[in-house]
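# please find the sequence and the predicted model below.
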Amino acid sequence: VILTNAVDVHSREVAEHILGMMMAMLKKIYLYRDNQYDHNWHDELGVKSIEGLRVSIIGLGDIGKCLAKICHNMGMYVIGIKRKMIDKPDYVDELYTNENMDKGIENVDVIVTVLPGTKENTHLFTLDTFKKMRKDTILINAGRGNLYSEEVLKTVLEEKIIQAIGMDVFEVEPIAKDNNLWDYKNLLVTPHVAGYFHLESARDKYVDLIEENLRRYINNEDLKYVVTERE
């Protein structure tokens, strides 16, 4: 059995979902939506501009690179963090490996994680990791939910160690109805929808890739994006 991967199929839709969460949180729109439900005319005060925003993207694969290009074109200062060092792309201002991740999270406005759910990434973010971030930092996780434990997540939210967290993925999905994670005002939740087929172009890419690999298989050609064991 040959296993292939749908590389780059969801990059654009996940990157744009992350960007949407980022804008909603930077401009505090998610808080105003809560206020609307409470019939509360209240000014949430300070917001940040996109221009010059320092954003760190942890996981510079296809999704991370797509997001980095968008952020760069919008005038943000982009820091990339990757498992192995590569030549720094023009749209990335600083590049580090996982071993030097602290350099990429200590002085930034937004941290985005798009890491796979591998053993090495399980609970990679500890409470100490969060404490190295600025208090006004926003974190968005659209990779996998095993990056930190639910206990650590709740401590960060309760103690307001950073400003806010946006999550499309959780360690246990779906979140139980009686889980108090739903109640934190400084947590923005989407139900693992960033990278499905909500964007029509993603579905088209997926079908095109399947057709191409079927053609290659029939003609005994090398398949695209064959999955191999990670080192």
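Good, I have the coordinates.
# ok now do I210, which residues does it touch?
Taking Cβ atoms under 8 Å, 6 or more residues apart in numbering, we find I210 in contact with no residue. Using the backbone N, CA and C atoms, a C-beta is placed for each residue, glycine as well.
# distance of it relative to N179?
Distance from I210 to N179, counting by Cβ to Cβ, to the nearest Å: 37 Å.
# roughly how far does the residue nearest to the spatial centre of the chain sit from E51?
Residue closest to the average C-alpha location in the chain (Cα atoms, centre = their mean): A142, at 3.4 Å. Going from A142 to E51 by Cβ to Cβ gives 23 Å.
# how about V189?
Applying Cβ to Cβ, the value for V189 to E51 is 28 Å.
# what do you get for K84?
Distance, K84 to E51, by Cβ to Cβ: 32 Å.
# ok, now R203?
34 Å.
# with neighbour numbers in mind, choose between the two.
Neighbour comparison, R203 and E51: the larger count goes to R203, with 14 against 9 (by other Cβ atoms under 10 Å).
# check contacts around that one.
In this structure, R203 makes contact with F197, judged by Cβ under 8 Å, 6+ apart.
# and it, what element?
helix 200-218 (DSSP states H and E).
# in CSV, list the C-alpha atoms belonging to that helix.
Taking Å, rounded to 0.1, in the frame of the first residue of the first chain, the C-alpha atoms of helix 200-218 are listed here in CSV:
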residue,chain,number,x,y,z
GLU,A,200,-14.3,25.6,-2.8
SER,A,201,-10.8,26.0,-4.2
ALA,A,202,-9.5,23.5,-1.6
ARG,A,203,-11.9,20.8,-2.9
ASP,A,204,-10.8,21.5,-6.4
LYS,A,205,-7.2,21.2,-5.5
TYR,A,206,-7.9,17.9,-3.7
VAL,A,207,-9.7,16.4,-6.7
ASP,A,208,-7.0,17.6,-9.1
LEU,A,209,-4.3,15.9,-6.9
ILE,A,210,-6.2,12.6,-6.8
GLU,A,211,-6.7,12.6,-10.5
GLU,A,212,-3.0,13.4,-11.1
ASN,A,213,-1.9,10.6,-8.7
LEU,A,214,-4.3,8.1,-10.3
ARG,A,215,-2.9,9.0,-13.7
ARG,A,216,0.7,8.5,-12.4
TYR,A,217,-0.3,5.2,-10.8
ILE,A,218,-1.9,3.8,-13.9
